[in-house]
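**Q** Structure here, sequence nowhere to be found:
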């Protein structure tokens, strides 16, 4: 796999876990806080964290349009948990402003509070290279009303947990917490 | 998710989920709030979580008496009003207060020296709970004892309600300095280190090998200004708690936003300066030498 520079949006959240996993796959991680920094990377990760906190940072730093342009130019982006919410076109249950890049409705905190967080294996029958992926859900959202162009790569209990639309990848779980680089490898393949 | 809650989980998996939420709070600001309106102000300002409590530490200090877990109705009101994680405090060693917060679905339980201790010898066995716990620590030994009991996040104790950052700085320097020292010793010296620190051997070994705590390491106690938050991050804290500093100041909403901004950009003095611009007065502070040993909250717990 060719080595690539991957930006991680550094406003708030699990930035360093993504950086560690990227390093393990041979990619270079750069923390992104300003629009011009997007020019220095080939792919982008919107990490988990608090989607309301991160969305306010995106607005304050003027990152909304630059991220949208980045993705519309076909460059790959991965959103995990809060990042998946931010990528979505629609948001419900205490909605936050989103980037509108993925044709789904994200339902925030769909499983409940932290005592309802869980980890489990993905349903059989998903993308073969992701077989038996262990999925860690932390106050996770659910993706609903998937548009026709959205492809489901993994499900848990029948719900889509990893989806792709063009160069946009979104996971409602945390591959970076399970030390499994396969989702990041998909991003790098872009 | 009732069926999942019924499933048996291994200890390691349960602990991974607890640390998982702590990871998600990194780089954020957790704000003390005393009602639903303040909680909304905090969320609107960009807080990554709120700490629900009846009185901020500065008022607990002023009022005296016994400080206990907050009223259930008040915590529920805050849970209903915001979408970010809600934390709440229990007295050190108060297993039953913690069980109450757990059934309420509180996202993180702070076994806190800010409240009057219920047990002056034992902290809670935090592995026995589904909810994650955060505990205060003044040094590495104390941090590792709490992690040994199951804490999924460590914060400095600082000196809550003082508006004075000096104790949080002392505790951060202790924890981070002792981590560096532990990395440098030879492996056969680790047992003696564990004995001297009063910390579990396996955790001492982890720190020696990894150069960090096995759980996220946050700062709390005395943070009142945007540069206070940036300073804590500079010294190795991965996120900050702000207690009295926001709602005891002259302009809570603006100060909350400013502390969030300085915390995100702790490494960028121009952004920290921009965050300070236009703020009115910070909370009044207390000089440590004017505080009796018996009035120091950080001395509670061991």
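**A** That came in fine, so what should we check first? Note that the coordinates shown come from a computational prediction; the quantities given were computed from them, not determined experimentally.
**Q** which residue does chain A bring closest to chain B?
**A** Residue nearest to chain B within chain A: residue A:94 (3.4 Å; CB to the nearest CB). Using the backbone N, CA and C atoms, a C-beta is placed for each residue, glycine as well.
**Q** Leaving out sequence neighbours, find the closest residue to that residue.
**A** Of all residues not flanking residue A:94 in the chain, residue B:83 sits nearest, at 3.4 Å (CB to CB, 6 or more residues apart in numbering or on different chains).
**Q** next one: residue A:140
**A** The shortest distance from residue A:140 to any non-neighbouring residue, by CB to CB, 6+ apart, is to residue A:172 (4.9 Å).
**Q** per-residue pLDDT, the residue nearest to residue A:94?
**A** We note a pLDDT of 96 for residue B:83 in this prediction.
**Q** again with residue B:295
**A** 87.
**Q** cool, residue B:111 as well?
**A** 98.
**Q** ok, the residue nearest to residue A:140 - contacts?
**A** Residue A:172 makes contacts with A:80-81, A:84, A:137, A:140-143, A:159-162, as judged by CB atoms under 8 Å, 6 or more residues apart in numbering or on different chains.
**Q** likewise residue B:25?
**A** The contact partners of residue B:25, taken as CB under 8 Å, 6+ apart, are A:49-50, B:48-49, B:85, B:153, B:216, B:218, B:239.
**Q** Those in strands, which ones?
**A** B:49, B:153, B:218 (DSSP state E).
**Q** if we can go back for a sec, in terms of helices and strands, where is the residue nearest to residue A:94?
**A** For residue B:83, there is no host helix or strand (DSSP states H and E).
**Q** circling back: distance to residue B:276 added to the contacts of residue B:25, as a markdown table?
**A** Conversion of the contacts of residue B:25 to a markdown table gives the following (distance: CB to CB, whole Å):
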| residue | distance to residue B:276 |
| --- | --- |
| A:49 | 25 |
| A:50 | 24 |
| B:48 | 21 |
| B:49 | 24 |
| B:85 | 27 |
| B:153 | 28 |
| B:216 | 27 |
| B:218 | 22 |
| B:239 | 20 |
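**Q** In the beta-sheet assignment, what are the partners of the residue nearest the centre of chain A?
**A** Nearest to the mean C-alpha position of chain A, by CA atoms, centre = their mean, lies residue A:79 at 1.3 Å. For residue A:79, the beta-bridge partners are residue A:46, residue A:170 (DSSP bridges).
**Q** how near is it to residue A:8?
**A** From residue A:79 over to residue A:8 the distance is 11 Å, taken as CB to CB, to the nearest Å.
**Q** any common contacting residues for the two?
**A** In contact with both residue A:79 and residue A:8: residue A:45, using CB under 8 Å, 6+ apart.
**Q** what's the closest of the contacts of residue B:25 to residue A:68?
**A** Distance to residue A:68, by CB to CB, is smallest for residue A:49 among the contacts of residue B:25, at 19.7 Å.
**Q** hmm, back to that, farthest pair within the contacts of residue A:172?
**A** Longest span within the contacts of residue A:172, CB to CB: A:80 and A:159, 15.7 Å.
**Q** now the strands for chain A?
**A** Under DSSP E, chain A gives strands at A:5-9, A:28-32, A:43-46, A:77-80, A:88-92, A:102-107, A:118-121, A:134-137, A:142-144, A:151-156, A:159-165, A:168-171.
**Q** got these as CSV, with mean pLDDT columns?
**A** Shown next, in CSV, are the strands of chain A (pLDDT from 0 to 100):
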stretch, mean pLDDT
strand A:5-9, 97
strand A:28-32, 97
strand A:43-46, 98
strand A:77-80, 98
strand A:88-92, 97
strand A:102-107, 98
strand A:118-121, 95
strand A:134-137, 96
strand A:142-144, 98
strand A:151-156, 97
strand A:159-165, 98
strand A:168-171, 98
